[in-house]
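In: Coordinates only, no sequence provided:
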């Protein structure tokens, strides 16, 4: 595709349910990031995939959060047993080579936990 | 933890005026980037300045980098209402150079 694609655009879920968020990066981009942005706040780093290296999971806020990436393609972010504080926009970005190169962002998934 | 910190947090100017936004960072970097975000969704890359560069221009954007002070500034000249957005600086951080972002600056340009 032409850009980074995220789905769904919006997700409303009940507290305690699990959710899966999907990110399709730009083809050929070896690096993929997930960030969380609460309303009116900055970007909180969650996880970083770079090629075949072990992912940097240092930003995941709890063990309810996990992410996978299949090779250099699609990634899914899973939040188990959602809580109201998980409500935020989840942004995915990819970059050609990681290592601090320009990142291209998707439009995000707005998650609302009720 | 936050690597980049933008200043001010919010800025309101009249159309046609210049807008200056600052970013300070903590550790040594090989580049610094500025991004724009409209309406709380995806960010758009504006400009990247490398650590061996002091100034860079792109259209109405001018970015400076002072590695001795660990700071950068973004200047938008002749601002337009369409420049209203949030602006973030980002730096590669850690051994794997993952991009980390500051908290952002909200710019409002009044018509």
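Out: Everything's here; your move. All of these numbers come straight from a predicted model, not from anything done at the bench. Residues are numbered from 1 along each chain as shown, chains lettered A, B, ... in the order given.
In: how near is whichever residue of chain A sits closest to chain B to residue B:96?
Out: Residue nearest to chain B within chain A (C-beta to the nearest C-beta): residue A:100, separated by 2.8 Å. Where you see a C-beta, it was placed from the backbone N, CA and C, and this is true even at glycine. To residue B:96, residue A:100 is 9 Å away according to C-beta to C-beta, to the nearest Å.
In: how about low-confidence regions in chain B?
Out: B:1-3, B:40 (pLDDT under 70).
In: Now do the SS call for the most centrally placed residue in chain A.
Out: Centroid check for chain A by C-alpha atoms, centre = their mean gives residue A:34 as the closest residue, at 3.2 Å. Under DSSP: H, G, I helix; E, B strand; the rest coil, residue A:34 falls in the strand class.
In: Give me the nearest residue to it, chain neighbours excluded.
Out: Excluding the flanking residues, the one nearest residue A:34 by C-beta to C-beta, 6 or more residues apart in numbering or on different chains is residue A:46, at 4.2 Å.
In: Please give me every residue in contact with the one you found.
Out: Neighbouring residues of residue A:46 by C-beta atoms under 8 Å, 6 or more residues apart in numbering or on different chains: A:33-36, A:59-61, A:65, A:67, A:77, A:90.
In: redo that, cut-off 10 Å
Out: Residue A:46 makes contact with A:33-36, A:56-61, A:65, A:67, A:77, A:90-92, according to C-beta atoms under 10 Å, 6 or more residues apart in numbering or on different chains.
In: And the residues you listed, which of them are buried?
Out: Buried subset of the contacts of residue A:46 (neighbour count, 16 or more other C-beta atoms under 10 Å in any protein chain shown): A:33-36, A:56, A:59-60, A:65, A:67, A:77, A:90-92.
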